[in-house]
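Chemist: Whatever this is, show me its structure:
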Amino acid sequence: MEINTVAKIRKDLEGCIGQKVILKANKGRKKTTVKEGILESAYPSLFVVRVANEYDSIRRVSYTYSDVLTSAVEVIVCSEVDKETKIS
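Modeler: Model prediction:
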């Protein structure tokens, strides 16, 4: 079993910039949100996803790599050939 670290998660996400991702975020008290967007950029401590909502406005949401490490956020990368890759 491979042990994930913040550096490995950052490297994996940096390789997926510009690709479509699905975010499943745990908001606490049995509340989860699912958002679909484009991985826009990856910074040393966080990554940014551009999300379009039903009102045709564009929002940007950011999460830290430790959110992915602690399973507060699940990131699924969708490639062009309908192959999904989970980053955790």
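Chemist: Flag the shaky bits of the chain, pLDDT-wise.
Modeler: Residue ranges of the chain with pLDDT under 70: 1-3, 80-82, 88.
Chemist: Which residue ranges of this structure form strands?
Modeler: Counting by DSSP state E, the chain has these strands, from start to end: 20-28, 31-42, 46-52, 58-64, 73-78, 84-87.
Chemist: Which strands or helices does the first one pack on?
Modeler: The contact analysis (3 or more C-beta pairs under 8 Å, 6 or more residues apart in numbering; DSSP states H and E) places strand 20-28 against strand 31-42, strand 58-64, strand 73-78. The C-beta positions use only the backbone N, C-alpha and C, and glycine is treated the same way.
Chemist: ok, now with 10 Å
Modeler: Strand 20-28 is packed against strand 31-42, strand 46-52, strand 58-64, helix 65-69, strand 73-78, strand 84-87, with contacts defined by 3 or more C-beta pairs under 10 Å, 6 or more residues apart in numbering; DSSP states H and E.
Chemist: Name the strands paired with it and say parallel or antiparallel.
Modeler: Using DSSP bridges, strand 20-28 pairs in its sheet with strand 31-42 (antiparallel), strand 73-78 (antiparallel).
Chemist: most centrally placed residue in the chain?
Modeler: Central residue of the chain (C-alpha atoms, centre = their mean): residue 75, 3.9 Å from the mean position.
Chemist: what is that one paired to in the beta sheet?
Modeler: residue 23, residue 87.
Chemist: I figured it hits residue 36, correct?
Modeler: No: applying C-beta atoms under 10 Å as the test, residue 75 and residue 36 come out as separate, 11.4 Å apart.
Chemist: residues shared between the contacts of these two?
Modeler: With contacts defined as C-beta atoms under 10 Å, 6 or more residues apart in numbering, the residues shared by residue 75 and residue 36 are 21, 22, 23, 49.
Chemist: Does anything pack onto the top helix by length along the chain? Which helices or strands?
Modeler: For the chain, the longest helix by residue count, based on DSSP state H, is helix 6-14. Other helices and strands packing on helix 6-14, by 3+ C-beta pairs under 10 Å, 6+ apart, are strand 31-42, strand 46-52, strand 58-64, helix 65-69, strand 73-78, strand 84-87.
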